[in-house]
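A.B. asks: Okay, here's the prediction I keep looking at, along with the sequence it came from:
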Amino acid sequence: MWLWHNGRMSDLDLVIPPQLIARLRGARHVAVLTGAGISAESGIATFRDTATGLWARFNPEEVATLEAFRRTPGFVWRWYAERRQVIGGAEPNAAHRALVELEARVPAFTLITQNIDDLHRRAGSRNIVELHGNIHRARCLDEGTRVESWADTADPPPRCPDCGGMLRPDVVWFGEMLPLAAINAAFAVASSCDVFLSVGTSGTVEPAASLAYEALRSDAVVVEVNSEETPLTPSATYVLQGPAGEVLPALLAAGWAGGG
Ligand code: BJW
């Protein structure tokens, strides 16, 4: 694990700055934004990893836009069905569990996730804002009605039980608006929290990428946890570089050694 602080890099193993611990322990409201990197150690592919990311194998415009779904609904539905199967077989990892523990330790906690995999809820996190939807839900393409379960058919996509329209995954594709309540809640929390953690996200997709900057503008301490540098790295107050499944448990252990 590497630590950057104010532009300097340290190779001391598992060094968590005492000032960061003090801010975390004294925080009134901790906000966490997570991205695909937090689920990588659960075996779920990220999007932009050059070797294993989904976008290395699939063109986003052919699978993650409304136009793609209208053009080839069966293909897009199957793509999500395959990912749903991988996700269904995955388990939350040490990073998801560390955030459950953090939520129990601070007065107020909001977990904002770009992930659609539901692993935070399965790990036990409670106050979750889902920005990009959830792969375990579908909704009617025509009427928007949410559908929690459906029978898979040989000729996908399945149909809306109410109107017979096509069902689509209840996720946010490029060019689509994020759920208004979720994005409003996320910006409100980013501008009022005192510590903001950005975990496992490349910070390249808007509007989620702006949340950390909103927190900085509002004088929050911004901590980046990522195995690589990102556009946020130079601006973050602290950078803990390493796998989230190691960094987050180490942060918890450093903050609450002895259980207090
Ligand atoms: C580890 C690790 C380990 C690995 N430990 N770390 C302003 C400027 C420019 C463009 C736009 C803008 N506003 C809107 C746009 C357009 C667009 C956008 O942002 N485009 C950019 C790509 C340029 N945004 C939108 O269209 C959004 N809608 C919107 O803004 O509506 C209003 C509007 C509409 C039209 C025009 C203008 C405004 C919607 C965005 C929806 C994104 N949807 C997806 C797919 C969801 C469903 C699905 O899963 O299939 O969401 S795309 C994909 O990217 C997914 C993710 O949630 C999202 C973010 O990716 P994430 O999570 O950061 O993953 P990666 O792979 O990028 O990064 C992983 C990171 O983890 C890396 O940094 C690794 O190093 C790290 N890592 N292992 C720690 N073990």
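C.D. replies: Structure's in. What do you need? Numbers count the residues shown, from 1 in each chain.

A.B. asks: How about the secondary structure of the residue in the chain that the ligand sits nearest to?
C.D. replies: At 2.2 Å from the ligand, residue 37 is the closest residue in the chain, using Cβ to the nearest ligand atom. C-beta coordinates here come from the backbone N, C-alpha and C atoms, glycine included. The local conformation at residue 37, judged by DSSP: H, G, I helix; E, B strand; the rest coil, is helix.

A.B. asks: In contact with the closest residue to it other than its chain neighbours, which residues are there?
C.D. replies: Excluding its sequence neighbours, the residue lying closest to residue 37 (Cβ to Cβ, 6 or more residues apart in numbering) is residue 200, at 2.4 Å. For residue 200, the contact set (Cβ atoms under 8 Å, 6 or more residues apart in numbering) comprises 34-40, 46, 95, 225-227, 244.

A.B. asks: Most neighbours of all those residues, which one?
C.D. replies: Counting neighbours by other Cβ atoms under 10 Å, residue 38 leads the contacts of residue 200 with 33 neighbours.

A.B. asks: ok, and the closest non-adjacent residue to that residue?
C.D. replies: Closest to residue 38 by Cβ to Cβ, 6+ apart is residue 200, at 3.9 Å.

A.B. asks: does the residue of the chain closest to the ligand really touch residue 230, like I thought?
C.D. replies: No - taking contacts as Cβ atoms under 8 Å, residue 37 lies outside contact range of residue 230: 9.6 Å.

A.B. asks: if I look at those two, which residues touch both of them?
C.D. replies: Joint contacts of residue 37 and residue 230 (Cβ under 8 Å, 6+ apart) are 201-202.

A.B. asks: Tell me which stretches of this protein form helices.
C.D. replies: For the chain, the helices defined by DSSP state H cover 18-25, 54-57, 60-63, 66-71, 73-88, 94-105, 119-123, 180-190, 211-217, 244-255.

A.B. asks: Save those as a markdown table, and put in distance to the ligand and mean pLDDT too.
C.D. replies: As requested, the helices of the chain are exported to a markdown table (distance: least, Cβ to the nearest ligand atom, whole Å; pLDDT from 0 to 100):
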| stretch | distance to the ligand | mean pLDDT |
| --- | --- | --- |
| helix 18-25 | 17 | 96 |
| helix 54-57 | 8 | 96 |
| helix 60-63 | 6 | 96 |
| helix 66-71 | 11 | 98 |
| helix 73-88 | 7 | 98 |
| helix 94-105 | 7 | 98 |
| helix 119-123 | 13 | 98 |
| helix 180-190 | 9 | 98 |
| helix 211-217 | 12 | 98 |
| helix 244-255 | 4 | 96 |
